[in-house]
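A.B. asks: fold the following.
(one chain, ligands or ions: 2)
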Amino acid sequence: MVLGRTVFPFNPLAERPKRHLQTRFQNAVSLNSRQAISVVEPVFVHNGSMGIRAFWIALLALAVIASCSVRQPEISARFYVFGTLVDVLVRDTDQATADAAFAEIQQQLQALHRDLHAWEPGPLTRLNQAFSLGRTVTLGGDIPILIEMSRWMEEMTEGRFNAAAGALVALWGFHTSEFPVSSPPPTEYDIRRILMMGPSTFDIHADGQTFSSGNPAVQLDFGGIAKGFAVDRIIALLESRGIDQCMVNAGGDLRAVGGSNRSPWRVGIRGPEGVQVGIELAGRGAVFTSGSSERYLEQEGQRFPHIIDPRTGQPVSGLVSVTVVSDEGWFADAAATALMVAGPDEWQQVAADLGLESVLVIEQDGNVIATQVMAPLLIAEQKVISAIRFVTLPAGRFSEG
Ligand code: ADP
Ligand code: MG
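C.D. replies: Ligands and ions are numbered 1, 2, ... in the order given. So this is what the prediction gives:
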């Protein structure tokens, strides 16, 4: 029995592997969204590498700068969504076309911010409130498709990615824009109360556009996927206006289009001592990093990152960061979060299960591990490359064969 198969006009999940295992999610009702979303061909890309060990550690605190390898006319604009500045860069486009696109992007990002914010009052907080009260809600907009994407991620990662576990994120104080968080960590008792309820996106039922949850503990939090979704939305919008050379950089997480038949997009990851690493995107691609060193709760010198293992209710440990290079933003974003949860021992299997190929991980002790597929694509000094351990991912467990 295949679970929760949903047919979208353009199904963003169509090309992704499916599980064939029966799970506790088998009663899930398919969503019925009419959201259209752009689908890009799976293409793929490269990742950069680094300098010294300390620099890897610092990586998460860094901003990404993007540039073309050959100078040509570029037009850029800056936006804001979900607490992140978003730089949009287009090339080979006239000013009027760019301005019209930027105006639409501004509108779209405002709408996404309003609709998907996990704690500022809006559609998502109202939905969560309805879930906790056992009420039904009629939904349009982007929430249905995000539920569907999150559900797929939850299933493929066996619950490591769980967008319904917002109550745990809130419990740790991470529904805030102020970091580091300094409130005390939650008690084991409070964590258990949520874990016992086992909130899952598979508890959400949809009947047309009417949604309800059979589990009052379900609290949606799209913090691990929404930025990628927003980046995809911008790219789709630019492409629909005929702009096929563009880069969207959301605070270091980015997606680019159009580097293949032109000069490639070169993404520099900027460290304290300037640009240390280059990632070249020859074609299309999304590069998303999830990490433990930027947003965290700090108590008595101990740091608890804002990524929570939904199975234990505890913040993740073991990895400093995970960088995923893939085709779409939502997927790369959510996958990076899931691999942070998977940790040092399991990220390779989970990456394979998700059908990922290009992943780069920094462990707590500073070791850098990358998948073999990335090796020919890294731009770095030889001594940097030779310090990286390259691995071949195992076979994915859930792919259709
Ligand atoms: P960053 O890019 O800042 O490292 P992520 O993309 O990893 O962030 O997303 C972290 C956010 O995702 C958290 O702030 C929270 O909103 C949400 N989140 C935390 N843990 C999980 C999880 N296990 N599954 C899904 N979403 C999560
Ligand atoms: Mg993420």
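A.B. asks: just say helix, strand or coil for the residue of the stretch 201-350 of the chain found nearest ligand 1.
C.D. replies: Minimum separation of the stretch 201-350 of the chain from ligand 1 (Cβ to the nearest ligand atom) falls at Gly223, amounting to 2.1 Å. (C-beta placed from N, C-alpha, C; glycine too.) What DSSP: H, G, I helix; E, B strand; the rest coil gives for Gly223 is coil.
A.B. asks: that one - how many residues pack around it?
C.D. replies: Gly223 has 23 neighbouring residues, counting by other Cβ atoms under 10 Å.
A.B. asks: quick check, it in contact with Ala118.
C.D. replies: Yes: judged on Cβ atoms under 8 Å, Gly223 makes contact with Ala118 at a distance of 5.9 Å.
A.B. asks: which neighbours do the two share?
C.D. replies: Here Gly223 and Ala118 have Val169 as joint contacts, going by Cβ atoms under 8 Å, 6 or more residues apart in numbering.
A.B. asks: show me which residues of the stretch 251-400 of the chain are close to ligand 2?
C.D. replies: With Cβ under 5 Å from the ion as the criterion, the stretch 251-400 of the chain comes near ligand 2 at residues Ser290, Asp333, Ala336, Thr337.
A.B. asks: quick one: the last one is in a strand?
C.D. replies: It refers to Thr337. No: counting by three-state DSSP, Thr337 is located in no strand; its state is helix.
A.B. asks: residue contacts, it?
C.D. replies: Phe161, Gly224, Ile225, Ser290, Ile307.
A.B. asks: ok, the first one next?
C.D. replies: In this structure, Ser290 makes contact with Gly224, Ile307, Ser321, Val322, Val324, Asp333, Ala336, Thr337, Leu339, Met340, judged by Cβ under 8 Å, 6+ apart.
A.B. asks: chain neighbours aside, what residue packs nearest to Trp119?
C.D. replies: Excluding the flanking residues, the one nearest Trp119 by Cβ to Cβ, 6 or more residues apart in numbering is His175, at 4.0 Å.
A.B. asks: pLDDT score for the residue of the stretch 201-350 of the chain closest to ligand 1?
C.D. replies: Confidence at Gly223, expressed as pLDDT, is 97.
A.B. asks: distance of it relative to Ser76?
C.D. replies: Distance, Gly223 to Ser76, using Cβ to Cβ, to the nearest Å: 26 Å.
A.B. asks: can you check Phe131 too?
C.D. replies: Taken as Cβ to Cβ, the span from Phe131 to Ser76 is 40 Å.
A.B. asks: those two - which one has more neighbours?
C.D. replies: Taking other Cβ under 10 Å, Phe131 and Ser76 do not tie; Phe131 has more neighbours (26 against 15).
A.B. asks: no further questions, thank you.
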